[in-house]
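> What would the 3D arrangement of this be:
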Amino acid sequence: MSAGVVISNVIDNSIAATFGLKQGDLLLKINNNYIADPLDYQFFAAEENMILEVLQKCTGEKTVFTIQKLNPHQDLGLRFSSEHLNNPRQCANKCIFCFIDQMPPGFRNSLYVKDDDYRHSFLNGNFITLTNLSEKTIQKIIMMRLSPLYISVHTTNPELRSFMMGNRAAAKIMEQLIQLCRGDIGFHAQVVLCPGINDGSELDKTIKDLVSLRPHLKSIGIVPVGLTTFRKDLYELNSLTKEKAVELLEQVNGLQKKFLKLYGSRIVFLADEFYLKTNTGLPGSAFYEGFPQLENGIGMARIFVDEFKKVVRKLPPDQCMMRKIAIITGVSAAPVIQQLVSVLKERVIQLEAEVIPVTNFCFGPTVTVAGLLTGSDLLRELPGKVQQDTLIFIPQVMLRAEDQLFLDNITVLQLANAIKREIRVIPADAKSLIKGLLNPVDNMGVI
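Below is the predicted model:
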């Protein structure tokens, strides 16, 4: 039995306001269906005739409201906070490649949460494994039309998936996917590629099995396994080498051409890191077919490059910039940003901007993305690389937005005071970077 959801706001002059519902009231049921979260509310409220059971805050009594709407989609006027989704279903697996198991101690608690919640998958695009879903929950997903979902598959080989995820329930992946497809639920699939384990012929099989589920399969994203130096007592894995990345590019490129001819879509897309690691030029924006797995790091570099060049083309000629600036980023993105800054220097007189790639000493040098750099990494690297009269730009992706906190709980202010440099936090998009470079005297965000 559900405890219901607390109403966080009632829209003025709405149906709910007319019936006297208030902020703080507890919505228990709609048409005798228990309401556990805002998704339940959205689904069961799509009716013309409704009976609401509410525990009223002011009286402490349960009240039943009979409501008739003009149409099923008319808004009742109830709003709910996201706190009902703040305790996600936890992961039931022990994956050999789990990044959270490789985290150093001492970071903020939220970074150690293993979210495997189908609601977050539908709402936010989080990848889930399906191993913690009961038959009742799968039927609920189908009934509520929670589509598309984002599913971490890794392999469709039952034995191999059970091994990789440390869970015998993982073997049922194809059965579960077929059941979802029969219920008309679409999905995007993810493969975390572990060299020597689920690549090569195993990857071919996985892709073939998933493609057989078209059109409910929307896309397949392949990302490299992330390995840190904190792998004590964990399964020994190999990091992605340039040679392995080249092999994968050739393998997937052949499949993409085949699928494009057969189905009008490439279906399979590779993370940017594969192209950056092999010094292969990034595919054009049309290649990504609408960027279906952008939040998975697939196509982000292409969007950044295209936006940067578009903004530069619109700049008036012969602008002058007199302030020295250091642009801080991860090792993988540095060559791309360096090339773009060179393009900008052709339009801006005396632009003294240098791209500084920072090695990740906290997680280990094989972790090369900017978003996983810590305050300690910057504290170690920047004093020897950035002169005191230089303004430092760091991307917002390194920080928790609400308090400018690095992963290791160091604040931007603490870093600035420690290295005695000015720091500006820049949104991680090309337009913001160019705006910052051309307006270095603007003190917004400078510490």
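> Domain map for this protein?
5-85, 100-298, 314-438 (automatic domain parsing).
> Run through the helices of the stretch 101-250 of the chain in chain order.
Counting by DSSP state H, counting those that start in this stretch, the segments of the stretch 101-250 of the chain that form helices are 118-124, 135-143, 158-165, 173-182, 200-211, 242-263.
> angle of the third one against helix 173-182?
The one in question is helix 158-165. Between helix 158-165 and helix 173-182, the angle comes out at 100 degrees (axes from the mean of the first three to the mean of the last three CA atoms, to 10 degrees).
> that older thread, which one of the helices of the stretch 101-250 of the chain has the lowest average pLDDT?
The minimum mean pLDDT among those belongs to helix 118-124 (a mean of 88).
> which strands and helices sit next to that one?
helix 38-44, strand 149-152 (3 or more CB pairs under 8 Å, 6 or more residues apart in numbering; DSSP states H and E). (Each C-beta comes from the backbone N, C-alpha and C, glycine too.)
> Leu123: how many residues sit nearby?
Counted with other CB atoms under 10 Å, the neighbours of Leu123 add up to 15.
> Can you list the low-confidence ranges for the stretch 251-400 of the chain?
318-322 (pLDDT under 70).
> 90 instead?
Filtered on pLDDT under 90, the stretch 251-400 of the chain yields the residue ranges 279-281, 295, 297, 313-324, 343-352, 388-389, 400.
> Now do the residue nearest to Leu146 when sequence neighbours are not counted against Val5, distance only.
Among residues not flanking Leu146 along the chain, Phe122 sits closest, at 4.2 Å (CB to CB, 6 or more residues apart in numbering). Noted for Phe122: a distance of 17 Å to Val5, by CB to CB, to the nearest Å.
> ok, now which ones touch the most centrally placed residue in the chain?
Of all residues in the chain, the one closest to the mean position by CA atoms, centre = their mean is Glu295, 4.3 Å from it. Glu295 makes contacts with Gly125, as judged by CB atoms under 8 Å, 6 or more residues apart in numbering.
> And the strands in the stretch 1-150 of the chain?
Along the stretch 1-150 of the chain, the segments classed as strands by DSSP state E, counting those that start in this stretch run 5-6, 9-10, 26-30, 33-34, 49-55, 62-68, 78-79, 149-152.
> and the second one, how far out from the chain's middle?
The reference is to strand 9-10. 30 Å (CA atoms, centre = their mean, to the nearest Å).
> Check which helices and strands it sits against.
Looks like strand 9-10 contacts strand 78-79 (3+ CB pairs under 8 Å, 6+ apart).
> For the strand it packs on, which strands pair with it and how are they oriented?
strand 9-10 (antiparallel) (DSSP bridges).
> who's in contact with the partner strand?
Ala16, Ala17, Leu21, Lys22, Gln23, Gly77, Leu78, Arg79.
> for stretch 239-249, same thing?
Residues contacting stretch 239-249 (CB under 8 Å, 6+ apart): 193, 195, 199, 203, 222, 224-225, 227, 270, 273-275, 277-278, 280, 366.
> out of the residues you listed, which are buried?
Listed as buried from the contacts of stretch 239-249 are 193, 195, 199, 203, 222, 224-225, 227, 270, 273-275, 277-278; burial here means 16 or more other CB atoms under 10 Å.
> closest to Val311 among those?
Using CB to CB, Tyr275 comes nearest to Val311 of those, at 22.4 Å.
> you'd agree that closest one is up against Leu282?
Yes - between Tyr275 and Leu282 there is a contact under CB atoms under 8 Å: 5.4 Å.
> Now do the shared contacts for the two.
By CB under 8 Å, 6+ apart, the residues touching both Tyr275 and Leu282 are Ala301.
> weakest of the helices and strands packed on helix 118-124 by average pLDDT?
Among the helices and strands packed on helix 118-124, helix 38-44 scores lowest, with a mean of 87.
> Which positions in it come out as buried?
Quick answer for helix 38-44 (16+ other CB under 10 Å): Pro38, Leu39, Asp40, Tyr41, Phe43, Phe44.
> and the fourth one, how far is that from Val6?
So that's Tyr41. 11 Å.
> Now do the contacts for Phe163.
Ile96.
> wait, isn't Thr229 in contact with Gly364?
Yes - between Thr229 and Gly364 there is a contact at 3.7 Å, judged by CB under 8 Å.
> Name the residue in the two with the higher neighbour count.
Higher neighbour count among Thr229 and Gly364: Gly364, with 18 against 15, using other CB under 10 Å.
> sorry, back to before: winner for burial among the strands of the stretch 1-150 of the chain?
strand 149-152 (a mean of 24; mean count of other CB atoms under 10 Å).
> so what secondary structure elements neighbour that one?
helix 118-124, strand 187-193.
> Mind listing residues that contact the last one?
Contacting residues not belonging to strand 187-193 are listed as 97, 125, 127, 147-155, 177, 180, 198-199, 203, 206, 210, 216-225, 240, 248, 292-293, 296 [CB under 8 Å, 6+ apart].
> Checking my notes, Ala326 in a strand, right?
Yes - according to DSSP: H, G, I helix; E, B strand; the rest coil, Ala326 belongs to a strand.
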